[in-house]
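Peer 1: below is the sequence, then the predicted model.
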Amino acid sequence: MKENGSSSSGEIIERKAYARIGLIGNPSDVYYGRTISVNIENFNASVRLQPSSDLFILPHHTHDLVQFSSLNHLVNRLENEGYYGGVRLLMATCKVFTKYCKDQGIHLHDNNFSFSYETNIPRQTGLSGSSAIVCAAFSCLLDFYNVRDKIAVEIRPQLILNAEKELGIVAGLQDRVAQVYGGLVYMDFEEEHMHKHGHGKYTQLNSSLLPPLHLIYAENPSDSGKVHSSVRQRWLEGDEFIISSMKQVANLALEGKTAILEKDYAKLADLMNKNFDLRRQMFGDAALGALNIEMVEVARSVGAASKFTGSGGAVVAYCPDGPSQVELLEDACKKSGFSIVPVKVVPSLLNEFDIRALSSTTEA
Ligand SMILES: Nc1ncnc2c1ncn2[C@@H]1O[C@H](COP(=O)(O)OP(=O)(O)O)[C@@H](O)[C@H]1O
Ligand SMILES: O=C(O)[C@H]1O[C@H](OP(=O)(O)O)[C@H](O)[C@@H](O)[C@@H]1O
Ligand SMILES: [Mg+2]
């Protein structure tokens with residue numbers, strides 16, 4: 001594989017995308033709001049593109065299970081993890097990529113390939129496992145067709161989102177922006193700018209400004225599309241409460257940016273807690289799920305600030321009192337059967353070729 005990430009035909013291309021944490025402001029990204037997200041090294045998805053005579057999308061041996069030991073096994077699996085794995089995500093990525101290139105007059109050569117994927121991102125836990133698969137696949141396609149310089153970096157998150165929209169999954173841009181850019185990213189999805197440029201304003205922040213954060217998660221898959229659909233419907237219908245609450249959530253990200261830049265971690269803790277409280281009021285406990293709420297409450301029981309990383313399944317926590325409080329948090333999680341790991345931030349993922357492909361419309 002060449003240094004610039006491009007491939008001459010015949011070479012295998014493997015690309016990774018990492019899980020992300022919505023630190024402040026999510027889910028207002030779905031509603032022209034603002035968010036701050038962190039791309040994390042703790043978990044990743046990788047997609048492998050191997051040149052082949054026909055085009056194959058290979059099912060994953062566990063995530064796209066089609067062979068079961070019994071009817072009960074099949075039913076259990078569907079009840080816990082739903083009908084779908086990553087195959088549909090890979091197919092939708094190919095479709096969206098091809099359509100975009102055709103519309104833009106970007107030439108694609110005629111060689112075929114086989115796509116396969118691996119992921120250790122806990123499934124459907126609000127860590128953006130779905131978009132990580134799409135993002136890694138998209139990155140393989142950019143290099144297989146050698147078009148990294150022809151598709152502006154700012155546009156890529158929207159194309160990655162379009163792949164999930166294609167499947168009817170309600171999702172937002174923050175996951176994809178964090179996964180394309182890497183590191184710690186402040187995002188502003190202001191409506192007029194979005195309509196004018198087709199993307200938000202994305203600014204990478206210095207991730208060393210962050211305090212130590214912890215990730216808490218549980219084996220508790222939930223479908224983010226389902227969680228979002230009723231709030232989205234109410235927002236579309238002009239529901240005053242949802243619209244004004246969503247604006248408040250977006251403002252938390254604005255304040256969060258200042259708090260991070262000033263290392264005002266007491267303020268950051270307060271904003272994280274407010275973020276979850278607003279989500280809870282909008283979505284209601286039934287949609288959020290008892291186990292997800294318990295994760296937040298376990299963290300708060302030791303005085304940590306906590307909120308969902310995404311739509312549910314995982315929680316980001318900050319211990320303002322330092323290591324002794326982290327120990328208390330680890331014990332409390334253990335007692336409740338939750339996993340807890342220190343957050344490791346991914347450095348910026350933009351290489352020199354991507355930086356050249358940043359469009360001139362971006363304002364920092
Ligand atoms: N770990 C995974 N392996 C395979 N497919 C996945 C995985 N996670 C998500 N998906 C696919 O993405 C779809 C949407 O997942 P979503 O609820 O957004 O999860 P997440 O919070 O991890 O992004 C699922 O219905 C499934 O088709
Ligand atoms: O509700 C949220 O905070 C996020 O939900 C989705 O992410 P997921 O990891 O699938 O739960 C959505 O894609 C994001 O845009 C929302 O901010
Ligand atoms: Mg998702």
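Peer 2: All right, it came through fine. Residues are numbered from 1 along each chain as shown. Ligands and ions are numbered 1, 2, ... in the order given.
Peer 1: what's the average pLDDT for stretch 164-181?
Peer 2: Regarding stretch 164-181, the rounded mean pLDDT is 93.
Peer 1: in that stretch, what's buried?
Peer 2: Judged by neighbour count (16 or more other C-beta atoms under 10 Å), stretch 164-181 contains these buried residues: 164, 166-167, 169-181. Glycine gets a C-beta too; all of them are placed from N, C-alpha and C.
Peer 1: what are the ranges of the helices in the stretch 251-364 of the chain?
Peer 2: In the stretch 251-364 of the chain, the segments counted as helices under DSSP state H, counting those that start in this stretch are 265-283, 285-288, 290-301, 323-336, 352-356.
Peer 1: figure out which of those is closest to ligand 3.
Peer 2: Smallest distance to ligand 3 across the helices of the stretch 251-364 of the chain (C-beta to the ion): 14.8 Å, for helix 290-301.
Peer 1: buried residues, the closest one. List them.
Peer 2: For helix 290-301, by 16+ other C-beta under 10 Å, it's 291-296, 298-300.
Peer 1: wait, which of those is closest to His199?
Peer 2: Lowest distance from His199 to those (C-beta to C-beta) belongs to Asn292, with 30.2 Å.
Peer 1: isn't the closest one up against Gly310?
Peer 2: No - in this structure, Asn292 is not within contact of Gly310 by C-beta atoms under 8 Å, at 10.4 Å.
Peer 1: returning to that earlier point: same list, the helices of the stretch 251-364 of the chain, but as JSON lines with mean pLDDT and distance to ligand 2 please.
Peer 2: JSON lines is the format used below for the helices of the stretch 251-364 of the chain (pLDDT from 0 to 100; distance: least, C-beta to the nearest ligand atom, whole Å):
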{"stretch": "helix 265-283", "mean pLDDT": "97", "distance to ligand 2": "7"}
{"stretch": "helix 285-288", "mean pLDDT": "90", "distance to ligand 2": "10"}
{"stretch": "helix 290-301", "mean pLDDT": "95", "distance to ligand 2": "11"}
{"stretch": "helix 323-336", "mean pLDDT": "97", "distance to ligand 2": "20"}
{"stretch": "helix 352-356", "mean pLDDT": "78", "distance to ligand 2": "22"}
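Peer 1: the nearest residue to Asn292 once chain neighbours are set aside and Glu79, how far apart?
Peer 2: Sequence neighbours aside, Gly312 is the residue nearest to Asn292 in space, at 4.3 Å (criterion: C-beta to C-beta, 6 or more residues apart in numbering). For Gly312, the distance to Glu79 (C-beta to C-beta, to the nearest Å) stands at 17 Å.
Peer 1: what about those two, which has more around it?
Peer 2: Ranked by neighbour count (other C-beta atoms under 10 Å), Gly312 and Glu79 place Gly312 first, with 26 against 8.
Peer 1: for that one, what are phi and psi?
Peer 2: In terms of degrees, to the nearest 10, the main-chain angles of Gly312 are phi 140, psi 150.
Peer 1: pick out the residue of the stretch 101-250 of the chain closest to ligand 2.
Peer 2: Here the residue of the stretch 101-250 of the chain nearest ligand 2 is Gly172; by C-beta to the nearest ligand atom that distance is 2.4 Å.
Peer 1: about what we covered before: of all the helices of the stretch 251-364 of the chain, which lies closest to Asp110?
Peer 2: helix 352-356 (23.6 Å).
Peer 1: now that closest one - C-alpha only, CSV.
Peer 2: Presented in CSV, the C-alpha positions along helix 352-356 are these (Å, rounded to 0.1, in the frame of the first residue of the first chain):
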residue,chain,number,x,y,z
GLU,A,352,-1.7,15.6,4.3
PHE,A,353,-3.8,14.4,1.4
ASP,A,354,-7.0,14.9,3.4
ILE,A,355,-5.9,18.3,4.6
ARG,A,356,-5.5,19.3,0.9
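Peer 1: so Met91: helix, strand or coil?
Peer 2: Following DSSP: H, G, I helix; E, B strand; the rest coil, the label given to Met91 is helix.
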